[in-house]
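Novice: prediction below, plus the sequence it came from.
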Amino acid sequence: MRITNETIDRAFATHREVYADMKGWNIQHRIDCWANAVAAFDQGSLPDFERLYQNLKGGWQVFRRSAGTPPSAPATFQRLRALDPAFRRLRLSALDGDRIGDCWHLINSISDIKPMKGAPSVVAISKFLHFWNPGLFVIVDDAVMWKVVFGRSWLKAMINDEKARVQAHLPEATCMASDSCDLLEYLAVLRWSARVLCLNPSIPQRFERYVCAKAEYNFRALPLVEYEAAAVEWLLLGLAELPPEGVDLA
């Protein structure tokens, strides 16, 4: 999927209009969460992780409809810090075929981070992993990213194709079926997003420019151009809202 720079900028502008302005998905709040994550994982600050954890547990509803008692903040922090350090700084654009198997094992290693009766919660997994490494892990919530954005037939078809390639590459990889995004579909989202970034290398820089223009504080300490997973997430949120080519709403 090749995207013109003009369309990339339009997608980020649409993200601002639809999600930041209309839906109240505050950009500064995400920056504050990233700042907490940097302090937590780069400096080993449990208090900063506890602030992030409370945000994810509260407003982000990461444990909503949990089937049991969620793990504590210290226990969750310990599990995330124990993950493969090779993936802590890896950017999404570098997620090639050689790394896809190790990424699958990493995702599965915390598949029980939210107690569930059925299939693991990709929503919870992707949110925690995103803040562990916002350069690699795209947040895929159920209500918006999965059902609205990837519910678009032209995007869904590409994810289905990518899932088939992932399964062919990892024949031993299986997962429990789910009405929401399952673990293999999430891995396919990551691998497909890596391809999009490789074909459109200007996305991270344009994302950084967009965030810096809307941020109030804190952003200067963050390597925003490295947050490729966040860039893809916000790009797709905006892209899915744009009118089709040839339709002028002016």
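Specialist: Good, I have the coordinates.
Novice: pLDDT weak spots in this structure?
Specialist: 246, 249-250 (pLDDT under 70).
Novice: wait, what's in contact with the spatially most central residue of it?
Specialist: Centroid check for the chain by Cα atoms, centre = their mean gives Val138 as the closest residue, at 1.7 Å. Counting by Cβ atoms under 8 Å, 6 or more residues apart in numbering, Val138 makes contact with 92, 126, 130, 145, 189-190, 193, 229-230, 232-233. Heads up, the C-betas are built off the backbone N, CA and C, glycines and all.
Novice: cutoff 7 Å now
Specialist: 126, 189-190, 193, 229, 232-233 (Cβ atoms under 7 Å, 6 or more residues apart in numbering).
Novice: out of those residues, the closest to Ala213 would be?
Specialist: Glu233 (17.9 Å; Cβ to Cβ).
Novice: can you say which helix or strand has that closest one in it?
Specialist: Using DSSP states H and E, Glu233 maps to helix 228-239.
Novice: go on, Ala13?
Specialist: Using DSSP H and E, the element containing Ala13 is helix 5-15.
Novice: what about Leu239, distance to Glu216?
Specialist: Distance of Leu239 to Glu216, given as Cβ to Cβ, to the nearest Å: 26 Å.
Novice: just want to know which of the two has more residues nearby.
Specialist: Leu239 (21 against 10; other Cβ atoms under 10 Å).
Novice: grab the nearest non-local neighbour of that one.
Specialist: Spatial nearest neighbour of Leu239, chain neighbours left out: Ala11 (4.3 Å); criterion: Cβ to Cβ, 6 or more residues apart in numbering.
Novice: in stretch 62-69, which residues are buried?
Specialist: Buried residues in stretch 62-69, counted by 16 or more other Cβ atoms under 10 Å: 62-63.
Novice: at which residues are the helices of the chain located?
Specialist: Using DSSP state H, the helices of the chain run over 5-15, 27-43, 46-57, 73-81, 97-109, 122-132, 153-169, 183-199, 203-214, 228-239.
Novice: pull the CA atoms of the third one into CSV?
Specialist: Looking back up the chat, that one is helix 46-57. This file holds the C-alpha atoms of helix 46-57, laid out as CSV (Å, rounded to 0.1, in the frame of the first residue of the first chain):
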residue,chain,number,x,y,z
LEU,A,46,8.0,1.6,39.4
PRO,A,47,6.1,4.8,40.5
ASP,A,48,6.0,5.9,36.9
PHE,A,49,4.8,2.5,35.8
GLU,A,50,2.1,2.6,38.5
ARG,A,51,0.8,5.9,37.0
LEU,A,52,0.7,4.3,33.6
TYR,A,53,-0.9,1.2,35.0
GLN,A,54,-3.7,3.3,36.7
ASN,A,55,-4.4,5.1,33.4
LEU,A,56,-4.6,1.8,31.5
LYS,A,57,-6.8,0.2,34.2
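Novice: thought the residue nearest to Leu239 was touching Leu235?
Specialist: Yes - in this structure Ala11 lies within contact range of Leu235 using Cβ atoms under 7 Å: 5.1 Å.
Novice: of those two, which one has the most company?
Specialist: Legend: neighbour count by other Cβ under 10 Å for Ala11 and Leu235, higher for Leu235 (26 against 23).
Novice: how about the more buried one, what does it touch?
Specialist: 8, 11-12, 203.
Novice: same question, His169
Specialist: 97, 100.
Novice: what about it, distance to Ala188?
Specialist: 11 Å.
Novice: circling back to that earlier point, and which of the contacts of Leu235 is nearest Thr76?
Specialist: Ile203 (30.2 Å).
Novice: residues near the closest one, how many?
Specialist: Ile203, neighbours per other Cβ under 10 Å, totals 23.
Novice: wait, it sits on Ile8?
Specialist: Yes - using Cβ under 7 Å, Ile203 is in contact with Ile8, at 6.0 Å.
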